[in-house]
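> okay, predicted coordinates and the sequence, questions at the end:
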Amino acid sequence: MSEVLLSAKNLTKRYGGLAAVNNVSVDLWTGRVHAVIGPNGAGKSSLTNVLTGDVPLSSGTVTLCGKDVTGWSPEKIARQGMGRSYQKTNIFLPFTVWENVRLASQSRTPQAARWFSDTRGNSAGFSVTTERATRAIELAGLQHRTTAIAGTISHGEQRQLEIAMSLATEPRVLLLDEPLAGMGVAEAERMVELLLKLKKDHAIMLVEHDMDAVFALADQLTVMVDGQVIASGTPAEIRADANVQAAYLGEEH
Ligand SMILES: Nc1ncnc2c1ncn2[C@@H]1O[C@H](COP(=O)(O)OP(=O)(O)OP(=O)(O)O)[C@@H](O)[C@H]1O
């Protein structure tokens, strides 16, 4: 059954006199993709950053999986069920795909379990960590690339790896920042398929410039311009919205 996993109310983020995010509210439901679109500088990354706790809010509240997480650290918010894919910045390029995902999975292992590791890394948490990593790699469709060095795999596979690393922490909410950026047609199609698979068990917020992908994936859209929401609704409602057409989409959708 679909439920609200993240509810953000009246979020504002100010940088000096500029409101990068200006009174924005967003709900994310399990089983749904909520796309956030808007021109460059609209505030999409700032919105993502305040939701993950990477950047402190000026005002507003965020409830995640039933808890008020406003003001929590990014690590605590992650443990409460938040996963985020960065644009490749998290990948250790000299490490294998497996090592990258295993490390991400380990970051979820409580500190106490790490204390009881022996020198080979065996511990109560070891098999759980390994199982989580294995599941994440399979879900992201990278099981045939586990031994490949991350720096040598294709751009599209690196984006899949980012998502696998995020899945290894077993998030319930996924914030995806331009997962299709720089992809060719075939890679983009594979990523859209992957995201459709992931949305069954996750609430997804998708920030993306590729409008074909956005309209293929989104159940709900929020359109931001200059920090503010100018429209929010279903894909059909957004396509028909005159303000959106004028501000962003042009004539093509
Ligand atoms: N750390 C910061 N300090 C000052 N201003 C910032 C900071 N981060 C973002 N901004 C400003 O906030 C506004 C929104 O930026 P943001 O990066 O959130 O937009 P965006 O919609 O993600 O853009 P893009 O699509 O280009 O990534 C911009 O005017 C930007 O210059």
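Done, it's in.
> how about the residues of this structure by the ligand?
Applying Cβ under 6 Å from any ligand atom, we find that the chain lies next to the ligand at 15, 18, 20, 38, 40-46. Just so you know, the C-beta spots here come from the backbone N, C-alpha and C atoms, and that holds for glycine as well.
> and the longest helix for this protein?
Residue-count comparison of every helix in the chain, with assignments taken from DSSP state H, identifies helix 124-139 as the longest.
> C-alpha coordinates for it, CSV please?
Listed next in CSV are the C-alpha coordinates belonging to helix 124-139 (Å, rounded to 0.1, in the frame of the first residue of the first chain):
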residue,chain,number,x,y,z
ALA,A,124,28.4,-10.4,13.4
GLY,A,125,27.8,-7.6,11.0
PHE,A,126,30.0,-9.0,8.3
SER,A,127,27.6,-11.3,6.6
VAL,A,128,24.8,-8.8,6.9
THR,A,129,27.0,-6.1,5.3
THR,A,130,27.9,-8.5,2.5
GLU,A,131,24.4,-9.6,1.9
ARG,A,132,23.2,-6.0,1.7
ALA,A,133,25.9,-5.2,-0.9
THR,A,134,25.1,-8.3,-2.9
ARG,A,135,21.4,-7.4,-3.0
ALA,A,136,22.1,-3.8,-4.0
ILE,A,137,24.4,-4.8,-6.8
GLU,A,138,21.8,-7.2,-8.2
LEU,A,139,19.0,-4.7,-7.9
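> which other helices and strands contact the helix or strand just after it?
For helix 124-139, the succeeding helix or strand toward the C-terminus, using DSSP states H and E, is helix 155-167. For helix 155-167, the contact count by 3 or more Cβ pairs under 8 Å, 6 or more residues apart in numbering; DSSP states H and E identifies strand 82-85, helix 97-106, helix 124-139, strand 173-177, helix 185-198 as packing neighbours.
> change it to 6 Å
Helices and strands in packing contact with helix 155-167 are listed as strand 82-85, helix 97-106, helix 124-139; criterion 3 or more Cβ pairs under 6 Å, 6 or more residues apart in numbering; DSSP states H and E.
> out of these, which is closest to residue 70?
Comparing the helices and strands packed on helix 155-167 against residue 70 with Cβ to Cβ, the closest turns out to be strand 82-85 (13.0 Å).
> and that closest one, which strands flank it?
Looking at strand 82-85 with DSSP bridges, its partner strands are strand 173-177 (parallel).
> residue ranges with poor pLDDT in the stretch 1-150 of the chain?
For the stretch 1-150 of the chain, residues meeting the criterion pLDDT under 70 lie at 1, 86-89, 109-126.
> run the last query once more with 90
Counting by pLDDT under 90, the stretch 1-150 of the chain shows low-confidence ranges at 1-3, 84-90, 106-129.
> rewinding a little: angle of the longest helix of the chain against helix 185-198?
Relative orientation of helix 124-139 and helix 185-198, computed by axes from the mean of the first three to the mean of the last three Cα atoms, to 10 degrees: 130 degrees.
> pull out the buried residues from helix 124-139.
Buried residues in helix 124-139, counting neighbours by 16 or more other Cβ atoms under 10 Å, are found at 125-126, 129, 132-137, 139.
> I'd like the residues of the chain next to the ligand as TSV, with neighbour count and secondary structure appended.
Shown next, in TSV, are those (neighbours: other Cβ atoms under 10 Å; DSSP: H, G, I helix; E, B strand; the rest coil):
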residue	neighbour count	secondary structure
15	11	strand
18	13	strand
20	22	strand
38	24	coil
40	6	coil
41	14	coil
42	24	coil
43	25	coil
44	25	helix
45	18	helix
46	24	helix
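> now, the most widely separated pair of those residues?
Between all members of the residues of the chain next to the ligand, the longest pairwise span (Cβ to Cβ) is found for 15 and 38 and amounts to 17.0 Å.
> domain parsing of this structure, as residue ranges.
Domain segmentation of the chain under automatic domain parsing yields 1-81+175-253, 90-170.
> span of the last one from start to end?
It stands for domain 90-170. Using Cα to Cα, to the nearest Å, one end of domain 90-170 lies 17 Å from the other.
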